[in-house]
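[1] Here is a sequence together with a model predicted from it:
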Amino acid sequence: MQWLGWAVGIGAFPGLVLAAHRGATARLRMVLALAATAALLVLFTGEAAALAFFALDVLLVVGTWRLARTRIWHVWIGVIVALLVASKLPAALAGTSHDVSLGGDSLVLWVGFSYLAFRLIHVTVEAHAGRLGDVTFEEFVTYALHPASFVAGPIDRVRTSAASQRREAPLAEDLHQGAWRILLGVFTKFVIANTLFAFIAQHDMTRNPDRPIHIAWLWLVAYSFYLLADFAAYTHIAIGFGRLAGITLPENFDRPYLSTSIAQFWQRWHITLSNWVRDYIFFPVARSLRARAGNRFRAPIQFAAHMTTMGAVGLWHGLTPAFLIWGLWHGLGLFLHGQFGARRPRKDGEGAAARLRTATSIAGTWLFVTLGWVFFAADLPTALRIFARLFGLS
Amino acid sequence: MMLKESPFPGLAVFARVLLKALAILLVLNAALLATGVRPIRALVTLNTWDLLGRGRARLAYPSDFQNGQLPLEALLAAHEISRGPKPPDEYRVVLIGESGIAGWGVEDEDTLAAQLTALGVEVGGRRVVAYNLAYPQPGAPRDALILDAALAHHPDLVVWFMTPAALNDSPDIAGANRVFFNLNRERLERLAAAYPDLLGGWYEAHAPALLDEPGPLERYIAIQDQDLLPVWLNSLFYPFETPDLARSERRIGSEPVPEEARYTLASPGFEPMPNDTWGFLLAGCQRAQAAGADLLLVNEPMLVGGGPHADKNYNVNYGRDLYDRYREALRAYADEHGIWYSDLWNIIPAERFTDTPLHMDAEGFAMLADALRGVITEESSGSTCER
């Protein structure tokens, strides 16, 4: 099947680049985007069966457009959520949810559905609220199934995407900036991430949590930077390829490990996911609880909203107790920061004391985030053993 | 911080920079090819052992003996044999063999090399200092490559421990060291070319299956061996890690000899004796002789077990028919070619063996060190290595 992927891809990818810069109709761009994504899936998975799942994706996209403005819009969201859970089940049942070598998607052949589901829920909610504006069907399909962001995000917003599809950008500038970002992505992936991965693989704490304590810490630091490098690399490539294909995808990372608080971290790490869960989980949950309980229970409401939101983020990565704990770890961090850290009077200033405060905040935030990655890396019993090892408790 | 926007003013400049980078890479590649320098091979010889003020007491080998290996130059660069020039009062002894000699399951200070050095004996007024260059898994061809590399460190004596499996000529035994051969391909090819009459048969029979064919462009690329980089990066942590010594509480000598041994005379690759693999013994002897070192071939001690099947098999590894035939053939080969030979096959009592018929405990190594001291200091030395 690889030959089919290459055959379609060789035509569709350059075609998409040219169509985006030579005033082609939205329909032609949509068709080329679909062909390019189909080719990408075949090349990525090496399986023709991936096309069957892609056909299901297309049906869901069309269904979203048809049903989002109807009275059963909330039922439709339920269907998408149910499919999202179903797509995660095989890996959860097989115990491979934490296997980074699988590329992060739970059902290997249903590549990209985690991201597509969030796009479809976003469009359903916005369409129901009458906030889609003048987005056309072709622009919506191109947004939902564009090859640049299909596999690993980022999770753009449909109106932003439609606006970027309509912009007239010079081909030379997009080729230049797109190629630059792809170059950055390839370097970050193959030089930085893969080197870190080689170290992680040879000192894999998830397979042997009883390694010496210094190896445990080295492994964790390497894993922390590996995750950043690997994901940032894919984002570079996605944004670069999107630029070649005439769309501007949003940034997903902004020096997250230099954040001075956990709240700032989530404004800088996987930014589009953070914004999505803030808008579609955190705010609705907080509003709903406040409507029932009023302002008397501000702290418990904040706690419940943070834990629900980050718990969902955890489970979105995989249906395992460890991913849930990882999400709750961050939910607790965000709650505590909101209750105590954010209320503290800010001491701005310059000089050594201010720099030391900033450095301490950065180090503390990074350590909190990095310790949380233990639950991202391994199933719960293994993660607890690694945790114990890190602190010399076993 | 990474530049999310290109630092170049336009596509033309960006393209020019990429082209220039490509041109520089091509020129650099050509220069490296012309001078024969392989930069990654050179880089991986750097190590962090000097930070501790000592080298490794043994060669580094991965737990499965296949993955995560480095070329011999890098292994020796990290070894204590590479720590400074050879002192004038040192009688340098290099020990070569498999896991039984490497000291599987014992601390560095309990290995044969360490205990032989600790005896404080002298040869010709110089103190004996032994270096452990044994490497797990049997394979005389692999050992010959280690011997060849060790000669750069001016040994006075190479002690080469032998077992029947190390001289087995079957593809399975040769294939067990496949990664090792590929990493040290040039050394193997050089050795085979230098001794065509001794090694030609083995090379023609095994090399095509063992050595990976380079890709069509590979011979024109100087910056290759990228796979070594993560292995090397990992090796930089070795000095600060506690190695897994694979200790075992098992005492195989207390167990009865099984009815079926792993190797018998009917097993493939042993007959005829000598076969093509044996050529490495004489080639190694001649190679050592040419470098000014003497060679002592030792039949490695092994467990002589008891029980109802002891009349058929010596232990779980070897049937009596095979082992007796091998001993006889090895002595005859050594006599025929003038190789200094010592047969220590049964000098270690059964209770000194741990998890295999070749792995000894510290007391076993002490006995072997004492026996070896006697051979080195009391027997007349001098291999003539005749063809």
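    Looks like it came in fine. Numbering: from 1, shown residues only, chains lettered A, B, ... in the order given.
[2] what does the stretch 201-350 of chain A put close to chain B?
    A:202-203, A:212, A:214-215, A:218, A:232, A:251, A:255 (C-beta under 8 Å from any C-beta of the partner chain). For glycine as for every other residue, the C-beta is placed from the backbone atoms N, C-alpha and C.
[3] For my notes, please list those in CSV and give secondary structure for each entry.
    What follows is those, written out as CSV (DSSP: H, G, I helix; E, B strand; the rest coil):
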residue, secondary structure
A:202, helix
A:203, coil
A:212, coil
A:214, helix
A:215, helix
A:218, helix
A:232, helix
A:251, coil
A:255, coil
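[4] Quick one: buried ones out of those?
    Buried members of these, scored by 16 or more other C-beta atoms under 10 Å in any protein chain shown, are A:202-203, A:215, A:218, A:232.
[5] Can you tell me which of those is nearest residue B:278?
    Closest approach to residue B:278 among those (C-beta to C-beta): residue A:202, at 36.9 Å.
[6] how much space between the closest one and residue B:235?
    10 Å (C-beta to C-beta, to the nearest Å).
[7] Next: residue A:289.
    55 Å.
[8] do residue A:248 as well
    Distance, residue A:248 to residue B:235, by C-beta to C-beta: 44 Å.
[9] The two: which is more packed in?
    Neighbour count, other C-beta atoms under 10 Å in any protein chain shown: between residue A:248 and residue B:235, residue B:235 has more, with 24 against 18.
[10] which residues does the more buried one contact?
    Listed by C-beta atoms under 8 Å, 6 or more residues apart in numbering or on different chains, the contact set of residue B:235 reads B:44, B:47, B:60, B:70, B:74, B:78.
[11] In helices, which of those appear?
    residue B:74 (DSSP state H).
[12] now the contacts of residue B:235 as a markdown table including pLDDT, neighbour count and distance to chain A?
    A markdown table is the format used below for the contacts of residue B:235 (pLDDT from 0 to 100; neighbours: other C-beta atoms under 10 Å in any protein chain shown; distance: C-beta to the nearest C-beta, whole Å):
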| residue | pLDDT | neighbour count | distance to chain A |
| --- | --- | --- | --- |
| B:44 | 93 | 23 | 13 |
| B:47 | 91 | 22 | 16 |
| B:60 | 83 | 18 | 12 |
| B:70 | 91 | 25 | 13 |
| B:74 | 94 | 23 | 16 |
| B:78 | 93 | 24 | 16 |
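[13] Of all residues in chain A, which one is closest to chain B?
    Nearest to chain B in chain A, going by C-beta to the nearest C-beta, is residue A:198, at a distance of 2.8 Å.
[14] and that residue, how many residues sit next to it?
    20.
[15] Which helix or strand contains it?
    Using DSSP states H and E, residue A:198 falls within helix A:194-202.
[16] Over to residue B:296?
    Element membership of residue B:296, judged by DSSP H and E, is strand B:294-299.
[17] Pull up the pairing partners for that strand, direction included.
    When pairs are called by DSSP bridges, strand B:294-299 turns out to pair with strand B:157-162 (parallel), strand B:340-343 (parallel).
[18] Switch the ones you listed over to CSV; also include distance to residue A:301, mean neighbour count and mean pLDDT.
    Formatted as CSV, those follow (distance: least, C-beta to C-beta, whole Å; neighbours: other C-beta atoms under 10 Å in any protein chain shown; pLDDT from 0 to 100):
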stretch, distance to residue A:301, mean neighbour count, mean pLDDT
strand B:157-162, 75, 26, 98
strand B:340-343, 84, 19, 96
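[19] Take the residues of the stretch 201-350 of chain A next to chain B and lay them out in CSV including pLDDT.
    As requested, those are exported to CSV (pLDDT from 0 to 100):
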residue, pLDDT
A:202, 79
A:203, 82
A:212, 84
A:214, 87
A:215, 86
A:218, 91
A:232, 94
A:251, 95
A:255, 95
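[20] Please confirm that residue B:91 is located within a strand.
    Yes - residue assignment for residue B:91, taken from three-state DSSP, places it within a strand.
[21] Is it in contact with residue B:130, as I believe?
    No - using C-beta atoms under 8 Å, residue B:91 makes no contact with residue B:130, being 9.4 Å away.
[22] Might you name the residue of the stretch 201-350 of chain B sitting closest to chain A?
    Residue nearest to chain A within the stretch 201-350 of chain B (C-beta to the nearest C-beta): residue B:230, separated by 2.8 Å.
[23] which residues touch that residue?
    Going by C-beta under 8 Å, 6+ apart, residue B:230 touches A:194-195, A:198-199, A:202.
[24] In the helix or strand hosting it, which residues are buried?
    Residue B:230 belongs to helix B:228-235 when assigned by DSSP H and E. For helix B:228-235, a neighbour-count test (16+ other C-beta under 10 Å) marks B:228-232, B:234-235 as buried.
[25] which intervals of the chain have sub-threshold pLDDT?
    No chain specified, so I'll use chain A. For chain A, applying pLDDT under 70 flags the ranges A:1, A:99-109, A:342-349.
[26] other chain: chain B
    Residue ranges of chain B with pLDDT under 70: B:1-2, B:62-68, B:379-381.
[27] Which other helices and strands does the helix or strand harbouring residue B:198 contact?
    Taking DSSP H and E as the criterion, residue B:198 maps to helix B:196-210. With contacts defined as 3 or more C-beta pairs under 8 Å, 6 or more residues apart in numbering or on different chains; DSSP states H and E, helix B:196-210 has these neighbours: helix B:171-175, helix B:178-183, helix B:185-194, helix B:279-290.
[28] Quick one: distance of the lengthiest helix in chain B to the chain centre.
    Looking across chain B with DSSP H, the single longest helix is helix B:11-35. The chain centre lies 40 Å from the centre of helix B:11-35; the measure is C-alpha atoms, centre = their mean, to the nearest Å.
[29] Any buried residues in it, and which?
    Quick answer for helix B:11-35 (16+ other C-beta under 10 Å): B:11, B:14.
[30] Residues touching it, excluding its own?
    So helix B:11-35 is contacted by A:172-173, A:175-176, A:179-180, B:6, B:8, B:38-39, B:220-223 (C-beta under 8 Å, 6+ apart).
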